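**Student:** here is a sequence together with a model predicted from it:
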Number of protein chains: 2
Amino acid sequence: MLSKRTKYGLKAITFIARQEDEQPVQIATISKSENISHKFLESILLSLRKAGFLGSKKGKGGGYYLLKDPKEVKMSDVIRILEGPIAMLPCVSLNFYEKCDDCPDETKCSVHSLMIEVRDSTLEVLRNKTLADLVKDTQ
Amino acid sequence: MLSKRTKYGLKAITFIARQEDEQPVQIATISKSENISHKFLESILLSLRKAGFLGSKKGKGGGYYLLKDPKEVKMSDVIRILEGPIAMLPCVSLNFYEKCDDCPDETKCSVHSLMIEVRDSTLEVLRNKTLADLVKDTQ
DNA sequence: TGCATTCCCTAGTTAATCGATAGGGTTTAA
DNA sequence: TTAAACCCTATCGATTAACTAGGGAATGCA
């Protein structure tokens, strides 16, 4: 299940990408428009900034703005920052791999091989979907 | 993230499907072989029995056995019983749909359309993968 | 019949996580 | 100078996951 953190984060970054001028967008603006708790959204945007997707400007008239071309922002990368692993099991995760306690041999685990297929098919979608697509799909 | 409940359930039903004779398999046998807590596994197998995948036999020499041809057991169906929705958001779930509190209009939600694509690609994999495949892949 | 074996069922418990809140501190434009 | 806005840490309530406990009921076999 996608966390609200990720859901809100995707909505927020899409909102920012929709701005035509280069003016920074304030938390309060997104918070009201997308019905997201102001403080919660604050911590989400902070993560996106630390990850290099967003820049910020302090003081009056400040806010958040995109650092990259929306066409270059892959959903797989954004989701890894907000949600963590894309795979449904740590033992099939590319970026967050962990061995299972119970499995002596991954190659003989039926769940393992199944979840690799699921992961690959999900990644295929997320790698080919960019922020620009999200903006376009909902205009 | 896949719950241990689902992971254990898939391992267990694969274990049962691997038996060549038609003899019922006991909880304790699976529990030891797959390193799963006996009582926890008991409740998982009970769910699979109630959902019609497994039958059971009480008393000495009893246990659980498959009710269907492994080729007919789709992973999508098993996972829906064990895990619940396959979609990552309730608002894109086919079998467990729920409207989002925050979204006034799903058609304009960027996350919604993205998650529909992810769901469809995951379903494609899970519908075409059967219990027989799992057994074969790990022999 | 008696008894061990096995499944059946309900309820409780512990720990982790999620979503949100609180309360400041710092920077900057006007 | 001041108010707007971001920056950061800590905390908290509710929910859920993953077991755990304990007994009941059916079955096969001596």
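**Tutor:** In hand now; what should we look at?

**Student:** quick check: pLDDT value at the residue at the greatest distance from the centre of chain A.
**Tutor:** In chain A, the greatest distance from the average C-alpha position (CA atoms, centre = their mean) is reached by A:Pro104, at 33.0 Å. Note for A:Pro104: predicted pLDDT of 89.

**Student:** identify the residues contacting it.
**Tutor:** A:Pro104 sits next to no residue when contact means CB atoms under 8 Å, 6 or more residues apart in numbering or on different chains. (C-beta placed from N, C-alpha, C; glycine too.)

**Student:** run through who's touching the longest helix anywhere in chain A.
**Tutor:** In chain A, with assignment by DSSP state H, the single longest helix is helix A:110-128. With contact meaning CB under 8 Å, 6+ apart, helix A:110-128 is reached by A:74-76, A:79, A:86-89, A:91-94, A:103, A:106, B:2, B:7, B:10-11, B:14, B:75, B:117-118, B:121-122, B:124-126, B:129, B:134-135, B:137-138.

**Student:** stretch A:27-41 too?
**Tutor:** Here stretch A:27-41 makes contact (CB under 8 Å, 6+ apart) with A:4-5, A:8, A:11-12, A:15-16, A:42, A:45, A:63-64, B:101-102.

**Student:** buried residues, it. List them.
**Tutor:** Of the residues in stretch A:27-41, A:27, A:30-31, A:34, A:36, A:41 count as buried by neighbour count, 16 or more other CB atoms under 10 Å in any protein chain shown.

**Student:** what of stretch A:94-107?
**Tutor:** Using 16+ other CB under 10 Å as the test for burial, stretch A:94-107 gives A:100, A:103.

**Student:** ok, stretch A:42-58 next?
**Tutor:** Residues A:44-45, A:48, A:53-54 are the ones in stretch A:42-58 that count as buried (16+ other CB under 10 Å).

**Student:** ok so, going back, quick one, the longest helix of chain A and helix B:110-128 angle?
**Tutor:** Angle between the axes of helix A:110-128 and helix B:110-128 is 140 degrees (criterion: axes from the mean of the first three to the mean of the last three CA atoms, to 10 degrees).

**Student:** kindly format the C-alpha coordinates of helix A:110-128 as PDB.
**Tutor:** Output of helix A:110-128 as PDB, limited to C-alpha atoms (Å, rounded to 0.1, in the frame of the first residue of the first chain):
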ATOM      1  CA  SER A 110       8.800 -19.700  -4.900                       C
ATOM      2  CA  VAL A 111       7.800 -16.300  -3.500                       C
ATOM      3  CA  HIS A 112      11.100 -14.800  -4.400                       C
ATOM      4  CA  SER A 113      10.900 -15.600  -8.100                       C
ATOM      5  CA  LEU A 114       7.300 -14.400  -8.300                       C
ATOM      6  CA  MET A 115       8.100 -11.100  -6.700                       C
ATOM      7  CA  ILE A 116      11.000 -10.500  -9.000                       C
ATOM      8  CA  GLU A 117       8.600 -10.600 -11.900                       C
ATOM      9  CA  VAL A 118       6.200  -8.200 -10.100                       C
ATOM     10  CA  ARG A 119       9.000  -5.900  -9.300                       C
ATOM     11  CA  ASP A 120      10.300  -5.800 -12.900                       C
ATOM     12  CA  SER A 121       6.900  -5.100 -14.300                       C
ATOM     13  CA  THR A 122       6.300  -2.300 -11.800                       C
ATOM     14  CA  LEU A 123       9.700  -0.800 -12.500                       C
ATOM     15  CA  GLU A 124       9.000  -0.900 -16.200                       C
ATOM     16  CA  VAL A 125       6.000   1.400 -15.600                       C
ATOM     17  CA  LEU A 126       7.700   3.700 -13.100                       C
ATOM     18  CA  ARG A 127      10.900   4.200 -15.000                       C
ATOM     19  CA  ASN A 128       9.100   5.200 -18.200                       C
END
